[in-house]
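Visitor: A predicted structure for the sequence below; I have some questions about it.
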Amino acid sequence: MRTQVAIIGGGPSGLLLSQLLHTRGIDSVVLEKHTRDYVLSRIRAGVLEHGFAALMREAGVGERMDREGEIHEGFYIAHDGIKERVDLQGLTGNTVIVYGQTELTRDLYDARERTAGAVIHEAQDVQPHDIASARPYVTYTKDGKAERIDCDYVIGADGFHGVSRKSIPKDKLREFERVYPFGWLGVLSRTKPVSPELVYAKHDRGFALCSLRSQTLSRYYIQVPLSDSVDDWSDEAFFAELKRRLPQDVAEAMITGPSIEKSIAPLRSFVAEPMRYGNLFLAGDAAHIVPPTGARGLNSAASDIHYLYHALVDHYKSGDDRGLEAYSQKALARVWKGQRFSWWMTMLLHRFPEQSEFERKLQDTELAYLFSSPRALGSLAENYVGLPF
Ligand code: RFL
Ligand code: PHB
């Protein structure tokens, strides 16, 4: 088989790029290791910045997101028994959209299907070859049969554990990493969310987050030690601990219900540089990971896809390769800003095991400063709604 752009990974990054390229008549094939149902069962992002939403619209897949997604003009930070609001709209003139990653991935799959786009599921042993040459190709196995796709470019959009980044020679890649000493235990429940806007809570017992997918579907998280497993937490124990970390009025208003999904996500900051090796381009979680605290992960992927899409259009439509040449540098500049913000939000709101009294005082002072200075709060808000691409 031959295509112009072979995309490894059928998560939001790979599918969005494939759909965008399709709108400009550029041919691509997406190779996804898992089934569609498996990909859709992973509960991840909930908050989308306007830049991501704009790309969905440009790809012609924003209709349901605009109909069913909720526009959020602000969120709360709870601490010391109170909650204070971050007025995103007032501080930045901008908002975010609450629309689950599951739903937007479903929209992208449906769109690729409608336009007969090639998305090959259960592609095993995917491997890029000759990526430093002008004739790269990708091999994989499907239903026990070995297959090969020849292409101009390979896009590595296969997430943090994918094969793409690993196929770049070690001496050509630098990796920057911080692993945090805790994880987030998340619960999805078919209950009315405790607050119409998100509540991020800092508490001596640890961080907590009240999020949502809709006005009938709640998503809650608590910070837990990495040694905990999902089986250690019954629904009752989870909600009891969540309530302890919230201001009393919020805890009292909480409607609890059986979990329909429960999982633990470790927290990590990670960047691989450069994001290009020969004709392999990395995008999204394949190149960088953030802790979920600032809701930046998928939104950082969006700027990669934006730059890559325009660079590939310039290449194919006008033979202009400047965008491809500049891709890694441009993408990384924005990626690092997302890294800084996610790290900062994580440091601000979590309880660290070895934290000294001095560090805790600084954390409290940082929060106090934030809510006493419109400029400081403005900085938080402009990062949360998304810096320009
Ligand atoms: P994904 O979603 O990991 O998709 C990669 C796909 O590649 C496939 N794959 C392979 N395919 C073929 N061959 C191989 N060898 C392969 N290896 C892997 C995988 O099966 C998968 O389908 O990466 P992508 O597309 O770059 O998307 C990134 C986002 O998923 C991620 O950044 C966000 O979910 C992060 N995130 C959040 N981001 C936000 O912007 N806002 C949020 O509110 C937000 N909340 C979150 C989050 C992530 C979380 N977790 C669980 C890490 C909340 C959580 C709890
Ligand atoms: C979510 O709803 O899953 C979510 C929202 C905001 C975050 C992280 C996760 O910062």
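Guide: Good, I have the coordinates. Small disclaimer: the values here were computed from a predicted structure and weren't measured. Ligands and ions are numbered 1, 2, ... in the order given.

Visitor: which residues touch the residue of the chain found nearest ligand 2?
Guide: Residue nearest to ligand 2 within the chain (C-beta to the nearest ligand atom): residue 46, separated by 2.6 Å. C-betas here are computed from N, CA, C, even on glycine. Neighbouring residues of residue 46 by C-beta atoms under 8 Å, 6 or more residues apart in numbering: 98-101, 211-213, 219, 295.

Visitor: so which of the residues you listed comes closest to ligand 1?
Guide: Distances from ligand 1 to the contacts of residue 46, taken by C-beta to the nearest ligand atom, are shortest for residue 295, at 3.6 Å.

Visitor: which residue sits closest to that closest one in space, ignoring its chain neighbours?
Guide: Setting aside the residues directly before and after it, residue 295 is nearest to residue 47 in space (C-beta to C-beta, 6 or more residues apart in numbering), at 3.9 Å.

Visitor: can you pull out the strands in the stretch 251-389 of the chain?
Guide: 259-273, 276-277, 280-282, 288-289 (DSSP state E, counting those that start in this stretch).

Visitor: Please apply the same query to the stretch 51-200 of the chain.
Guide: 70-72, 74-79, 82-87, 96-98, 118-120, 124-129, 137-142, 145-150, 153-156, 174-189, 199-201.

Visitor: can you list the ones you listed in a markdown table and add distance to residue 311 and mean neighbour count?
Guide: What follows is the strands of the stretch 51-200 of the chain, written out as a markdown table (distance: least, C-beta to C-beta, whole Å; neighbours: other C-beta atoms under 10 Å):
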| stretch | distance to residue 311 | mean neighbour count |
| --- | --- | --- |
| strand 70-72 | 31 | 16 |
| strand 74-79 | 34 | 21 |
| strand 82-87 | 34 | 16 |
| strand 96-98 | 26 | 24 |
| strand 118-120 | 21 | 18 |
| strand 124-129 | 19 | 17 |
| strand 137-142 | 20 | 18 |
| strand 145-150 | 21 | 13 |
| strand 153-156 | 10 | 28 |
| strand 174-189 | 22 | 17 |
| strand 199-201 | 35 | 23 |
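
Visitor: Output these in JSON lines; the columns should cover mean pLDDT.
Guide: Conversion of the strands of the stretch 51-200 of the chain to JSON lines gives the following (pLDDT from 0 to 100):
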{"stretch": "strand 70-72", "mean pLDDT": "97"}
{"stretch": "strand 74-79", "mean pLDDT": "98"}
{"stretch": "strand 82-87", "mean pLDDT": "98"}
{"stretch": "strand 96-98", "mean pLDDT": "97"}
{"stretch": "strand 118-120", "mean pLDDT": "94"}
{"stretch": "strand 124-129", "mean pLDDT": "98"}
{"stretch": "strand 137-142", "mean pLDDT": "98"}
{"stretch": "strand 145-150", "mean pLDDT": "98"}
{"stretch": "strand 153-156", "mean pLDDT": "98"}
{"stretch": "strand 174-189", "mean pLDDT": "98"}
{"stretch": "strand 199-201", "mean pLDDT": "98"}
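
Visitor: Indicate which one of those is closest to ligand 1.
Guide: Per C-beta to the nearest ligand atom, nearest to ligand 1 of those: strand 124-129, 3.7 Å.

Visitor: Briefly note if that closest one comes near ligand 1.
Guide: Yes. Using C-beta under 6 Å from any ligand atom, strand 124-129 reaches ligand 1 at residue 126.

Visitor: now for that strand, which elements pack on it?
Guide: strand 5-8, strand 137-142 (3 or more C-beta pairs under 8 Å, 6 or more residues apart in numbering; DSSP states H and E).

Visitor: Give me the sheet partners of that strand and which way each runs.
Guide: For strand 124-129, the paired strands and their directions (DSSP bridges) read strand 137-142 (antiparallel).

Visitor: Residues contacting the strand it pairs with, please?
Guide: Contacts for strand 137-142 (C-beta under 8 Å, 6+ apart): 6, 8, 31, 120, 122-130, 146-151, 154.

Visitor: for it, the distance to its chain's centre please.
Guide: Computed by C-alpha atoms, centre = their mean, to the nearest Å, the chain-centroid distance of strand 137-142 equals 27 Å.

Visitor: Buried residues, stretch 306-320. List them.
Guide: Buried residues in stretch 306-320, counted by 16 or more other C-beta atoms under 10 Å: 306-313, 315-316.

Visitor: Throw those residues into a markdown table and include distance to ligand 2 and pLDDT, thanks.
Guide: Shown next, in a markdown table, are the buried residues of stretch 306-320 (distance: C-beta to the nearest ligand atom, whole Å; pLDDT from 0 to 100):
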| residue | distance to ligand 2 | pLDDT |
| --- | --- | --- |
| 306 | 21 | 97 |
| 307 | 24 | 98 |
| 308 | 25 | 98 |
| 309 | 25 | 98 |
| 310 | 28 | 98 |
| 311 | 29 | 98 |
| 312 | 30 | 98 |
| 313 | 32 | 98 |
| 315 | 35 | 98 |
| 316 | 36 | 98 |
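
Visitor: ok, of those, which one's closest to residue 16?
Guide: residue 309 (8.5 Å; C-beta to C-beta).

Visitor: show me the contacts for that closest one.
Guide: Applying C-beta under 8 Å, 6+ apart, the residues contacting residue 309 are 17, 20-21, 55.
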